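S.K.: Sequence plus the predicted model coming up.
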Protein chains: 4
Amino acid sequence: MIKVLGILASPRKYGVNAKLLKTALIAAEELNAVTKQINLYDYEIKPCIGCLSDILKSCRPPCVIEDDMRKLYDYVQDSDVIIISTPVYWYSPPGQLKNFLDRLTVFENMIEISGRSLVEGKVAGIIAVGNDSGAVMTAAQILMTLNSMGYAVPPWGYLSFTIPKDQEIPKVRLLEAANVGRVTVLMARKIEPRKIEWFDPELLEQIYNKVKEEFSKIQDKDEINKRRKIITKLL
Amino acid sequence: MIKVLGILASPRKYGVNAKLLKTALIAAEELNAVTKQINLYDYEIKPCIGCLSDILKSCRPPCVIEDDMRKLYDYVQDSDVIIISTPVYWYSPPGQLKNFLDRLTVFENMIEISGRSLVEGKVAGIIAVGNDSGAVMTAAQILMTLNSMGYAVPPWGYLSFTIPKDQEIPKVRLLEAANVGRVTVLMARKIEPRKIEWFDPELLEQIYNKVKEEFSKIQDKDEINKRRKIITKLL
Amino acid sequence: MIKVLGILASPRKYGVNAKLLKTALIAAEELNAVTKQINLYDYEIKPCIGCLSDILKSCRPPCVIEDDMRKLYDYVQDSDVIIISTPVYWYSPPGQLKNFLDRLTVFENMIEISGRSLVEGKVAGIIAVGNDSGAVMTAAQILMTLNSMGYAVPPWGYLSFTIPKDQEIPKVRLLEAANVGRVTVLMARKIEPRKIEWFDPELLEQIYNKVKEEFSKIQDKDEINKRRKIITKLL
Amino acid sequence: MIKVLGILASPRKYGVNAKLLKTALIAAEELNAVTKQINLYDYEIKPCIGCLSDILKSCRPPCVIEDDMRKLYDYVQDSDVIIISTPVYWYSPPGQLKNFLDRLTVFENMIEISGRSLVEGKVAGIIAVGNDSGAVMTAAQILMTLNSMGYAVPPWGYLSFTIPKDQEIPKVRLLEAANVGRVTVLMARKIEPRKIEWFDPELLEQIYNKVKEEFSKIQDKDEINKRRKIITKLL
């Protein structure tokens, strides 16, 4: 059974973000997923202090900082899918969500310790919606981060749009939010989250001779000379 | 059999981007994928003229512009996976690649015509590497675009870094490039690309009553009043 | 006399960011500016709770949240120039700096109350440097925010690059950091910071007739018809 | 007299971008600026071929590519201010505008040849408006590029928003566009564009001893040890 963790990153528990997240979670349940929602503003999340910049292997669960992240780490590890619904504060996630993302580094940094990210093969969905522009930039920042930690992103894995204050959410946007719930669960079903199989640290060894051989072909003298003639025209 | 289309977006066919792309393609072949590489600078790609801003349904294959994109459209449609390797020109893809991405809109815009993106469920990998900063911003732009067209992104689906001119590519970067080839093919195997099943346009109807019910719970008077007291303190 | 506030957003007071900021401040002093440095991690900065999404005019100094921002607000208001030196945490500012930026909204939101941003015409410089990619994306986020609050940005107003851990800062980078200090002070001298003159809320009234007249010319029938012929080719 | 070059990057000469640009130019004329508008889609702009990645000093005016950029280079050099009005194509500028920006590198790269960017001290304004999200990301990309070439950015130097197709432009947005025209001209008046004075290549020499001295203070043993105790807690 697929476990979905919905993360509300808005301080307004009755706002657009709460509604869109709920819609996604209901859609996930339609596919028999088990869902759980947390409101990030209910937790104390202190800022990351960047330990790994001093000692690479010092950054690891449960983080040297003792605060509510210890509970949140458990929730993240226990889930197959996370869906983050965030407002747009100056074209990016609120600092509260950014602190949460920064602190997730303990999972990713296990690559440096055990060779494996602890979130490898999980699935992410993003809902970034605000009443001023910057929604895509916000979604991009979160999505690039999670993908780089090992999360997979299904087709249409994010939803980002601008909506004027107090305007009712158009039905087409509810549909899109519902589909974020749907596609993340579908993806989780297909890829068996938490299966450690994606990044292969031995891969280069197997193909290195072929790679070197191809590189020597790429260094094509004729091509280089042809280009050189063009680019030196003004010299 | 998984078909991988490698797209080189650098005018330098002997450079870092060419080498990293080749590495990814070799890794894909190790998983029995069939690969094909195209060099974007060998094709004439005229700029998108934004037809859909006038008449929404006018944007469709094979595009009103008659140029080499007609060949490139075929290659894209015939592939399960695309891997784009691009240099970083001012923190973003070169105009030549941007024109290519803009012109791919004909596939995505079929949502407005037939209800379905023609690239739904395919898989994307990105390699964005330059000798100045801006690599992540470049990868983000491409990845957000392709995901929004219907492409899935596997864990570690993009590779972005900065490398000084003339420096040999470090082995760890070759390994990462190889893994872009690996994870995209693995993902394609799991999700059966081109299967039309992700976005469900009927989904909202099924859950709408439940959604409305939950929305009324979200409008929690106590929560709203509690917050109102706080936020009006300075008024 | 120009007052420069240097803001260190790294928890590592002995790191690259501290050094580059110091270099910028020394250069500012060479131009007779008075400088002051604060270390953001020494202050408790709680997350913004987005009051303005409920009641637009509720967001104003000194913010309903009582914490160390009250001191920081004074420092910002007392300065002509701010130079922010930040590490790169997942392609963006650390949550601690993001909380600081979010909370600065009280100054900008005065537009909605008194008609004027309290930081209008001040000058901003950004130093965003990390040991992994994402430096430009980080600088972009901060710069777009500050400019939209009313800060001016001098030529080469930001510096962003990637530097491997433990590598000494190259001299060319120190030079660039020094110039961030220089150009911000030069700019502040020229534009008389804090002079309320930039955004003119009455401007449209003065030119509205001319604007409407030009708009009617822009709606050129021939141009529209010419384009229509092209874009309907596939219909 | 301040010369303003308005650059329309939309293929739709009768659209929102054309109107907003015209509004900005009318406002600039109110401040006695001389304005000129060019429509980028009327020119053939071939893609940049990245000569400088092979031979750094080969990239210089008038570029080895012979096309309409030769005219456009003249327009840019002859202006004190450029205002770019662009639609949003996949969260970024259309390829046509990206090719234009890529090709402007010849001016910036003169730093490597004569020591000076040919656009140092000019002023930039950006209008990025589309009917889907991504406007800020588009504006950010252009603004970061131009600032890094040597352009100054006045307070509220960019305008970015999302507007549904066929919706009339709200008056508040026209006001903001007019102010882009205003603030760029105001800034140009204050900073004497084209004056070569911003980046000082000799600056580091003057302050280097002081910099080194301060760096040794920054390497504070107590601070480093205090932090080390914290970050090693899990080791």
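M.R.: Structure's in. What do you need? Every value quoted in this text rests on a predicted model; they were computed, and no experiment measured them. Numbering: from 1, shown residues only, chains lettered A, B, ... in the order given.

S.K.: and residue A:28, what element?
M.R.: Using DSSP states H and E, residue A:28 maps to helix A:16-30.

S.K.: Partner strands of the helix or strand following that helix, with direction?
M.R.: Using DSSP H and E, the helix or strand that directly follows helix A:16-30 along the chain is strand A:34-39. In the sheet, strand A:34-39 lines up against strand A:3-8 (parallel) (DSSP bridges).

S.K.: Quick one: residues in contact with the partner strand.
M.R.: With contacts defined as CB atoms under 8 Å, 6 or more residues apart in numbering or on different chains, strand A:3-8 is touched by A:17-18, A:21-22, A:24-25, A:28, A:33-41, A:75-76, A:78-85, A:100, A:181, A:184-185. Any C-beta I mention is one placed from the backbone N, CA and C, and that applies to glycine too.

S.K.: distance of residue A:229 from chain C?
M.R.: With distances taken as CB to the nearest CB, to the nearest Å, residue A:229 is found 31 Å from chain C.

S.K.: contacting residues around residue A:147?
M.R.: By CB under 8 Å, 6+ apart, the residues touching residue A:147 are A:124, A:153, B:143, B:153, B:155, B:156, B:157, B:158.

S.K.: Columns secondary structure and distance to residue A:203 on top of these, output as CSV?
M.R.: Putting the contacts of residue A:147 into CSV (DSSP: H, G, I helix; E, B strand; the rest coil; distance: CB to CB, whole Å) gives the following:
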residue, secondary structure, distance to residue A:203
A:124, strand, 24
A:153, strand, 22
B:143, helix, 22
B:153, strand, 19
B:155, coil, 14
B:156, coil, 12
B:157, coil, 15
B:158, strand, 17
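
S.K.: and which of those residues is nearest chain C?
M.R.: Chain C has its nearest neighbour among those in residue B:158, at 10.8 Å by CB to the nearest CB.

S.K.: which is the next helix or strand following the longest helix anywhere in chain A?
M.R.: Determined from DSSP state H, the single longest helix within chain A is helix A:171-191. Counting by DSSP H and E, the next helix or strand C-terminal to helix A:171-191 is helix A:203-218.

S.K.: avg pLDDT for that next one?
M.R.: Regarding helix A:203-218, the rounded mean pLDDT is 96.

S.K.: middle-most residue in chain A, spatially?
M.R.: Against the mean C-alpha coordinate of chain A, by CA atoms, centre = their mean, the closest residue is residue A:146 at 2.3 Å.

S.K.: Quick check: that one is in a helix.
M.R.: Yes: judged by DSSP: H, G, I helix; E, B strand; the rest coil, residue A:146 forms part of a helix.

S.K.: check whether the helix holding residue A:28 contacts chain C.
M.R.: No: between helix A:16-30 and chain C, judged by CB under 8 Å from any CB of the partner chain, nothing touches; the nearest distance is 8.9 Å.

S.K.: Measure how that helix sits relative to strand A:34-39, angle-wise.
M.R.: 170 degrees (axes from the mean of the first three to the mean of the last three CA atoms, to 10 degrees).

S.K.: Who does the closest residue in space to residue A:146 that isn't next to it in sequence form a beta bridge with?
M.R.: Spatial nearest neighbour of residue A:146, excluding adjacent residues (CB to CB, 6 or more residues apart in numbering or on different chains): residue A:124 at 4.3 Å. Per DSSP bridges, the residues bridged to residue A:124 are residue A:82.

S.K.: In this structure residue A:124 contacts residue A:80, no?
M.R.: No: in this structure residue A:124 lies outside contact range of residue A:80 using CB atoms under 8 Å: 10.5 Å.

S.K.: The two: who's more crowded?
M.R.: Legend: neighbour count by other CB atoms under 10 Å in any protein chain shown for residue A:124 and residue A:80, higher for residue A:124 (27 against 23).

S.K.: what does chain A put close to chain D?
M.R.: Close to chain D, as judged by CB under 8 Å from any CB, chain A has residues A:49, A:51, A:54-55, A:57-58, A:60, A:62-64, A:91, A:133-137, A:140, A:160-162, A:227-228, A:230-235.

S.K.: In terms of secondary structure, what does the least confident helix or strand in chain A by mean pLDDT contact?
M.R.: Within chain A, no helix or strand scores below helix A:221-231, which has a mean of 94 by mean pLDDT, DSSP states H and E. Taking 3 or more CB pairs under 8 Å, 6 or more residues apart in numbering or on different chains; DSSP states H and E as contact, there are no helices or strands that helix A:221-231 lies on.

S.K.: how long is stretch A:46-65 end to end?
M.R.: Stretch A:46-65 has an end-to-end distance of 8 Å (CA to CA, to the nearest Å).

S.K.: For that stretch, what is the distance to the chain centroid?
M.R.: 20 Å (CA atoms, centre = their mean, to the nearest Å).

S.K.: close to chain B, is that stretch?
M.R.: No: using CB under 8 Å from any CB, stretch A:46-65 never reaches chain B; the gap is at least 13.8 Å.

S.K.: And chain C, is that stretch touching that?
M.R.: Yes: applying CB under 8 Å from any CB, one finds stretch A:46-65 touching chain C at A:47, A:48, A:49, A:50, A:53, A:54, A:56.

S.K.: OK, contacts around the closest residue to the fifth one other than its chain neighbours?
M.R.: Just to be clear, that refers to residue A:53. Nearest non-adjacent residue to residue A:53, counting by CB to CB, 6+ apart: residue C:12, 6.1 Å away. Applying CB under 8 Å, 6+ apart to residue C:12 gives the contacts A:50, A:53, A:54, C:18, C:87, D:227.

S.K.: measure the fifth one to residue D:232 for me?
M.R.: According to CB to CB, to the nearest Å, residue C:87 and residue D:232 sit 20 Å apart.

S.K.: Same drill for the two, tell me which one is more crowded.
M.R.: Using other CB under 10 Å, the more surrounded residue of residue C:87 and residue D:232 is residue C:87, with 26 against 14.

S.K.: Skipping adjacent residues, who's closest to the more buried one in space?
M.R.: residue C:10 (4.7 Å).

S.K.: just to revisit the earlier point, give the PyMOL command for selecting the buried subset of the residues of chain A next to chain D.
M.R.: Selection of buried members from those for PyMOL, criterion 16 or more other CB atoms under 10 Å in any protein chain shown:
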select buried, chain A and resi 49+51+54+58+60+63+64+91+133+134+135+136+137+140+160+161+162+227+231
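
S.K.: from the residues of chain A next to chain D, which ones fall inside strands?
M.R.: Residues of those located in strands (DSSP state E): A:160, A:161, A:162.

S.K.: Need those residues in CSV (columns: distance to residue D:170).
M.R.: Shown next, in CSV, are those (distance: CB to CB, whole Å):
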residue, distance to residue D:170
A:160, 22
A:161, 18
A:162, 13
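
S.K.: Return the closest of these with respect to residue A:200.
M.R.: When those are ranked by distance to residue A:200 (CB to CB), residue A:160 comes first, at 32.5 Å.

S.K.: Let me see the contact set for that closest one.
M.R.: A:126, A:127, A:128, A:129, A:135, A:136, A:138, A:139, D:133.

S.K.: filter these by proximity to chain B?
M.R.: Answer for the contacts of residue A:160 near chain B (CB under 8 Å from any CB): A:136, A:139.

S.K.: So which of the contacts of residue A:160 is the closest to residue C:69?
M.R.: Looking across the contacts of residue A:160 and measuring by CB to CB, the closest to residue C:69 is residue A:138, at 22.5 Å.
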